[in-house]
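>>> Could you work out the structure for the sequence below:
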Amino acid sequence: MKKIFMSLLVITATGLFAQNETYKIADGVITHQDLFNKSMVDSVSCFRIPSIVTAPNGNLIAAIDERVPSCGDLKWSKDINIVLRRSTDNGKTWSAIETVVDFPFGQSASDPSMIVDQQTNEIFLFYNYMDLDTEKDVYYLHVVKSSDNGKTWSKPRDITSQIAKPQWHKDFKFITSGRGIQTKSGKLLHTLVNLNSGLYIFGSDDHGKTWYFIDTPIKPADESKIIELADGSWMINARVNKGGMRYVHTSKDEGKTWSSKPEPLLIDPGCNAEIIRYTAKADGYDKNRILFSNAKMEKNRMNMTIRISYDEGKTWSIGKTIYGGGSAYSSLTILENSDIGIFFEKDDYTQNTFVSFSLKWLTDGKDNFKKPSKKRKSTKK
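Residues are numbered from 1 along each chain as shown. The predicted structure is shown next:
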């Protein structure tokens with residue numbers, strides 16, 4: 001029988017403290033909750049690889065690997081499931097753990113990532129699949145879909161043949177965990193890594209009915225995130241495993257060609273990070289704002305930090321530390337109340353933590369969220 005526990009903590013500028021009351025910094029109320037840790041469920045070795053999105057109705061969906069026999073990655077574990085928790089109140093409280101994907105023993109699903117289609121009100125959840133008993137080391141790429149804000153999910157769909165070449169069958173390939181995006185035109189975009197040949201973009205122009213990939217390898221890049229810039233160009237913020245920094249790749253022709261450069265100011269230990277848009281002038285907001293989260297260290301996975309850019313990623317703030325201790329993969333989302341939420345791996349993967357805070361707290365009072373000057377079309381159901 002599964003035993004479920006939940007802890008509620010709060011965070012200050014210098015670290016985490018177990019308390020029973022809300023702690024205020026500036027005007028931002030910052031709460032910290034361990035959504036998944038290995039003490040929550042009997043027989044689970046650990047939870048890893050966080051992904052969080054805000055559903056069309058404002059609910060939060062936090063998905064993750066449930067790694068049962070060991071904390072090993074997909075090729076080393078015969079029992080990894082995709083599970084999630086949902087929040088209907090901007091992360092104050094959460095549902096019990098719900099299972100989305102659970103194959104028979106010997107088959108595993110790992111590395112969740114999501115895209116929210118704001119035009120159809122659907123959520124796509126991607127993961128990597130392997131049958132370790134019959135095809136060990138062969139990676140397949142799957143997707144499930146929710147049309148009710150994450151309450152229920154479709155049966156798995158294998159889209160490997162649509163977004164990977166046949167000659168890649170035995171290659172080490174995987175969809176990047178975390179999230180993809182929807183562009184202003186409605187196109188869905190995400191990233192796929194083939195460790196033999198590079199990073200690739202895959203997408204859909206028909207709201208997930210069919211998928212395709214752009215056959216232009218992007219290097220250097222491992223797990224990477226894509227974002228659409230204000231001028232319509234695409235930018236990838238990439239993990240690389242040497243040099244202690246991120247790389248940035250930009251395309252002005254929808255992925256046909258790319259320009260690449262190192263980003264020395266964004267130091268990084270070689271870890272999956274997150275980049276998302278917070279506001280855009282085109283949507284009626286006062287400023288263009290992009291957020292970036294990572295373990296801000298050159299070597300060790302520590303010091304989870306949030307930075308902000310006001311010039312479409314050309315420059316970044318020094319950043320504000322969310323947690324100075326062990327920190328690894330992270331996923332960001334914008335809450336319905338316009339606060340910022342981060343879901344990240346903490347302390348050698350023993351905890352997976354959700355933290356929410358305001359723009360005012362992030363910028364030490366120098367910037368405040370303002371509602372858009374023009375009304376946006378509602379996507380709520």
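>>> measure the closest residue to Asn194 other than its chain neighbours to Asp137 for me?
Leaving aside its sequence neighbours, Asn194 sits nearest to Lys173 (CB to CB, 6 or more residues apart in numbering; 4.5 Å). Any C-beta I mention is one placed from the backbone N, CA and C, and that applies to glycine too. Between Lys173 and Asp137 the distance, using CB to CB, to the nearest Å, works out to 11 Å.
>>> Would you mark the buried spots in stretch 293-313?
For stretch 293-313, the neighbour count (16 or more other CB atoms under 10 Å) marks 293-297, 301-309, 312-313 as buried.
>>> just those residues now: which is nearest Trp258?
Gly313 (14.6 Å; CB to CB).
>>> and that closest one, that one's in a helix?
No. Counting by DSSP: H, G, I helix; E, B strand; the rest coil, one finds Gly313 to be coil, located in no helix.
>>> Contact partners for it?
By CB atoms under 8 Å, 6 or more residues apart in numbering, Gly313 lies in contact with 227, 229, 235, 237, 248, 275, 290, 292.
>>> Please identify which helix or strand holds the closest residue to the fourth one other than its chain neighbours.
Setting aside the residues directly before and after it, Asn237 is nearest to Ile275 in space (CB to CB, 6+ apart), at 4.5 Å. Taking DSSP states H and E as the definition, Ile275 sits inside strand 274-279.
>>> Tell me which other helices or strands that strand touches.
strand 178-179, strand 224-228, strand 289-295, strand 320-334 (3 or more CB pairs under 8 Å, 6 or more residues apart in numbering; DSSP states H and E).
>>> on that earlier part again, for the residue nearest to Asn194, give its distance to Glu345.
23 Å.
>>> Those two: which has the busier surroundings?
More crowded of Lys173 and Glu345, by other CB atoms under 10 Å: Glu345, with 28 against 23.
>>> what about the more buried one, is that helix, strand or coil?
strand.
>>> before we move on, the earlier item: can I get the contacts of Gly313 in a markdown table including pLDDT, neighbour count and distance to Thr321?
Formatted as a markdown table, those follow (pLDDT from 0 to 100; neighbours: other CB atoms under 10 Å; distance: CB to CB, whole Å):
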| residue | pLDDT | neighbour count | distance to Thr321 |
| --- | --- | --- | --- |
| Ile227 | 98 | 20 | 23 |
| Leu229 | 98 | 17 | 27 |
| Met235 | 98 | 19 | 25 |
| Asn237 | 98 | 23 | 19 |
| Val248 | 98 | 20 | 23 |
| Ile275 | 98 | 26 | 18 |
| Ile290 | 98 | 23 | 19 |
| Phe292 | 98 | 26 | 14 |
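>>> Just give me the closest of those residues to Ser259.
Using CB to CB, these come closest to Ser259 at Val248, 8.9 Å.
>>> how about the residue nearest to that closest one when sequence neighbours are not counted, secondary structure?
Leaving out its chain neighbours, the residue that sits closest to Val248 by CB to CB, 6+ apart is Glu263, at 5.0 Å. Three-state call for Glu263 (three-state DSSP): strand.
>>> so what pLDDT did Glu263 get?
Note on Glu263: pLDDT of 97.
>>> wouldn't it be in contact with Thr250 here?
No. The criterion here is CB atoms under 8 Å, and Glu263 misses it with Thr250 at 11.4 Å.
>>> Spatially nearest residue to Thr120, not counting backbone neighbours?
His207 (5.0 Å).
>>> and the one you found, how many neighbours?
When neighbours are defined as other CB under 10 Å, His207 has 16 of them.
>>> and the two most separated of the contacts of Gly313?
Leu229 and Phe292 (13.7 Å).
>>> tell me the mean pLDDT over the host helix or strand of Lys360?
Secondary structure assigned from DSSP H and E places Lys360 in helix 359-362. Across helix 359-362, pLDDT averages out at 94.
>>> Now do it: which elements does it pack against?
Taking 3+ CB pairs under 8 Å, 6+ apart as the contact cut, helix 359-362 packs with strand 28-29.
>>> Each with direction, which strands does the next helix or strand after the strand it packs on pair with?
Helices and strands here follow DSSP H and E; after strand 28-29, the next one along the chain is strand 31-37. Strand 31-37 sits in its sheet next to strand 7-12 (antiparallel), strand 351-357 (antiparallel), going by DSSP bridges.
>>> Of the ones you listed, which shows the lowest average pLDDT?
Among the strands paired with strand 31-37, strand 7-12 carries the lowest mean pLDDT (a mean of 38).
>>> circling back: from Ser197, how far out is the residue nearest to Asn237?
23 Å.
>>> And for Ile322?
For Ile322, the distance to Ser197 - CB to CB - is 35 Å.
>>> what do you get for Ser358?
42 Å.
>>> Over to Trp258?
14 Å.
>>> Compare the two (neighbour count), which wins?
Trp258 (21 against 16).
>>> wouldn't that one be in contact with Ile218 here?
Yes. The criterion here is CB under 8 Å, and Trp258 meets it with Ile218 at 5.4 Å.
>>> Need the overlap of contacts for those two.
The contact sets of Trp258 and Ile218 overlap at 236, 249 (CB under 8 Å, 6+ apart).
>>> Specify the local secondary structure of Gln167.
helix.
>>> what about Leu266, neighbour count?
Neighbours around Leu266, by other CB under 10 Å: 20.
>>> Now whichever helix or strand Met235 is part of - C-alpha only, PDB.
Met235 is part of strand 234-238 when elements are defined by DSSP H and E. Provided in PDB are the C-alpha atoms of strand 234-238 (Å, rounded to 0.1, in the frame of the first residue of the first chain):
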ATOM      1  CA  TRP A 234      13.600  31.100 -32.200                       C
ATOM      2  CA  MET A 235      16.200  30.900 -29.500                       C
ATOM      3  CA  ILE A 236      17.600  27.700 -27.800                       C
ATOM      4  CA  ASN A 237      19.300  27.800 -24.500                       C
ATOM      5  CA  ALA A 238      21.400  24.700 -24.400                       C
END
